[in-house]
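1. generate coordinates for the sequence data below:
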Amino acid sequence: MCSANCLGRQAFLTLLAILVFLSNFANTYAAPVNARFKTLGPKDELPRLTVYVISPPFAGHYIPLLSIASELHLRGHNVTFLAQVQRDNEDVPKRSVSEAGIAFRALGFTPLNKTELEDIVNQTRSGTNLLGAVKHFSEADTSAYVDLDKLLTHEPHPDVLVVCNVYRGMGTSIYRKHGIPVVLNYMLENYFWRPHWPYPVLGSGLSDRMTFPQRLKNELVSFVNSYLIEPYLVRTHIPETLRKHGLNPRNGLRTIFDMHGMPSILNAAPGFDFPAPLPPNVIQTGPLTVPTMQAFPKPLQAWLDSKPVKSVVLVSLGTVNVIDERIARLIVEGLGATRVNVLWALRGVYQETLAGLNVPSTFRLKEWIPQRAVLAHRAVAAMVTHCGNNGVQEALANAVPPVGIPFVADQTDVGARLAAAGFPVLNLATVTPSELTSAVQKVTSAGPDGVNEYQQKAQRLARIFRAYGGVEKAADFVEHIAEVGSDHLQMAGLSMPWYVRHRYDTGLFLLVLVGLLLLGVVKLFTGVYKGFRALVSNKNKTD
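-> From the prediction side, this is the model:
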């Protein structure tokens, strides 16, 4: 039988082997990006850069990137906007990019056409296909990587890539393979490191002031994201997609763990987003709003010019969300009762849902509007929104109070921020026309001095946003990364094994040391006690 010392040695060797295995596993599969960004070297004067800006074809994603592209273009840089396109909607975002005077290149097709994507979004909203949208964006990320990799293999490399967060796996992988500096553009803080205190994770729809049950929900969502969805994508879905393209899965996309060290732009600011510490490779810019880059149709501008100041409510419920008869009735009856002028951006296919409804003459329907330009118009008093991050922050940047009705996915997270900032947010599943009427009346009614509390809050947030620099700061950051790289922004902790980063090794050592000290003290006192007992016993025998 093995002695106690033998068992102790075996336990120590087993623990050491486990730590070595976990260290190798962490470095192989979850090693964050370290200080290996391509550095162009210091220059007395920044040259004309070649910049690729890459985005999906969805307005919520490409509009902030188009703002950055436009600013860089105005500074004289050679900018090309690359985007996947949908087979049944190939003009988006090409039209907007061309209007801004920027070169456009199609980066292949999205895995789903517009109709198929709308079906998935509708199923996700009803809870019948929660994984569908995640799989779609993962497949889009992978196919974008394949197409961009082919392009970069046969053409001269740009000086820097600016990549939408949806393609963060592609951006990180392209950097690793081709050595091109990459800047990721994010819209919400959830994607980054969470602080030590309870902080809402993406998809939770919670604020940063959580009750105990809400904290439990937050941890559950975090567990599902980190240990179910992420492993499924990395081990199953992404390899299958790569095989479909004839590629080796071992050369596939990097995981979420690899992206923390990438230079990143965050289109948010405290006051709307929940304050939290961010790593030095991340800058906050507030919303990237450039109203002058959108053409204003003359008939629409004439209609707005004819309306009194703060007399129009803009309704924008997104380009992907499905507008069924119930939602159409909600808007028509809820806003019709307010007797305000309504400008509703509603695609033609959904205007058919208004048949049979008594649409007031104060309503004006348009398939497309230049939302940023409209929000900057003096006639606009409020906005009814699906809580898309861009739309909400564009409204607030123009001091226009929003009324939120989140539909699905990260719209619930934006809704939580909007509610925490003090604006009305309604539950899509239960909201009634009268509740919508009440919410809109609250944000549009005149206060004692002509400005109500919601307008005051929106004005305050507009001032906060301006202080964070906007699109000019974002463009400065892209130029900075292209010029000097990003190794100076990388924290040492990113290249450490997980047990070193979380101080488990030193903690375990100190725990063992304290245990040994306590064991020594116990043995010392036990020895003293036994000696004392022996001394007393011998004395008694002598007596």
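2. just the element for Ala276, please.
-> Per DSSP states H and E: Ala276 is located in neither a helix nor a strand.
3. and the contacts of stretch 301-308?
-> Val312, Asn341, Leu343, Arg364, Val374, His377, Ala379, Val380 (CB atoms under 8 Å, 6 or more residues apart in numbering). For glycine as for every other residue, the C-beta is placed from the backbone atoms N, C-alpha and C.
4. what's the burial count for the third one?
-> Going back to what we said before, that points to Leu343. Applying the criterion other CB atoms under 10 Å, we find 24 residues in the vicinity of Leu343.
5. and it, what does it touch?
-> Trp303, Leu304, Val312, Val313, Leu314, Val315, Arg364, Lys366, Ile369, Val374, Val380.
6. still on that earlier bit, list just the nearest of the contacts of stretch 301-308 to Leu107.
-> Minimum distance to Leu107 across the contacts of stretch 301-308 is 29.6 Å, recorded for Val374 (CB to CB).
7. ok, that closest one to Val312 distance?
-> 9 Å (CB to CB, to the nearest Å).
8. shared neighbours, the two?
-> Contacts common to Val374 and Val312, judged by CB under 8 Å, 6+ apart, are Leu304, Leu343, Val380.
9. so which of these are in helices?
-> Mapping the shared contacts of Val374 and Val312 onto helices (DSSP state H) picks out Leu304.
10. so can I have JSON lines of the shared contacts of Val374 and Val312 showing distance to Tyr468 and pLDDT?
-> Compiled in JSON lines, the shared contacts of Val374 and Val312 are given as follows (distance: CB to CB, whole Å; pLDDT from 0 to 100):
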{"residue": "Leu304", "distance to Tyr468": "28", "pLDDT": "91"}
{"residue": "Leu343", "distance to Tyr468": "29", "pLDDT": "93"}
{"residue": "Val380", "distance to Tyr468": "23", "pLDDT": "93"}
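11. kindly reformat the shared contacts of Val374 and Val312 as CSV containing distance to Asn89.
-> Shown next, in CSV, are the shared contacts of Val374 and Val312 (distance: CB to CB, whole Å):
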residue, distance to Asn89
Leu304, 27
Leu343, 23
Val380, 27
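12. secondary structure class for Val384?
-> Secondary structure for Val384, judged by DSSP: H, G, I helix; E, B strand; the rest coil, is strand.
13. that one and Arg168, how far apart?
-> For Val384, the distance to Arg168 - CB to CB - is 31 Å.
14. give the residue spans of the stretch 401-543 of the chain that score low on pLDDT.
-> 540-543 (pLDDT under 70).
15. with the stretch 101-250 of the chain instead?
-> Within the stretch 101-250 of the chain, the stretches with pLDDT under 70 are 112-134, 136-137, 189-194, 234, 237, 245-250.
16. what about the helices in it?
-> When assigned using DSSP state H, counting those that start in this stretch, the helices of the stretch 101-250 of the chain occupy the ranges 114-126, 130-154, 168-178, 212-224, 230-232, 238-244.
17. and of these, who's closest to Asp487?
-> helix 168-178 (12.6 Å).
18. can you give me the angle the closest one makes with helix 130-154?
-> Counting by axes from the mean of the first three to the mean of the last three CA atoms, to 10 degrees, helix 168-178 lies at 30 degrees to helix 130-154.
19. show me what contacts Ala395?
-> Counted by CB under 8 Å, 6+ apart, Ala395 has contacts Leu314, Leu375, Met383, Thr385, Pro401, Pro402, Ala458.
20. which ones among those lie within strands?
-> Leu314, Met383, Thr385, Pro402 (DSSP state E).
21. closest to Leu184 out of these?
-> Looking across the ones in strands among the contacts of Ala395 and measuring by CB to CB, the closest to Leu184 is Thr385, at 25.1 Å.
22. my read is that the closest one contacts Asn321, right?
-> No: using CB atoms under 8 Å, Thr385 makes no contact with Asn321, being 10.8 Å away.
23. the two: which has the busier surroundings?
-> Thr385 (27 against 21).
24. so the more buried one bridges to which residues?
-> Legend: beta-bridge partners of Thr385 under DSSP bridges are Ser316, Gly404.
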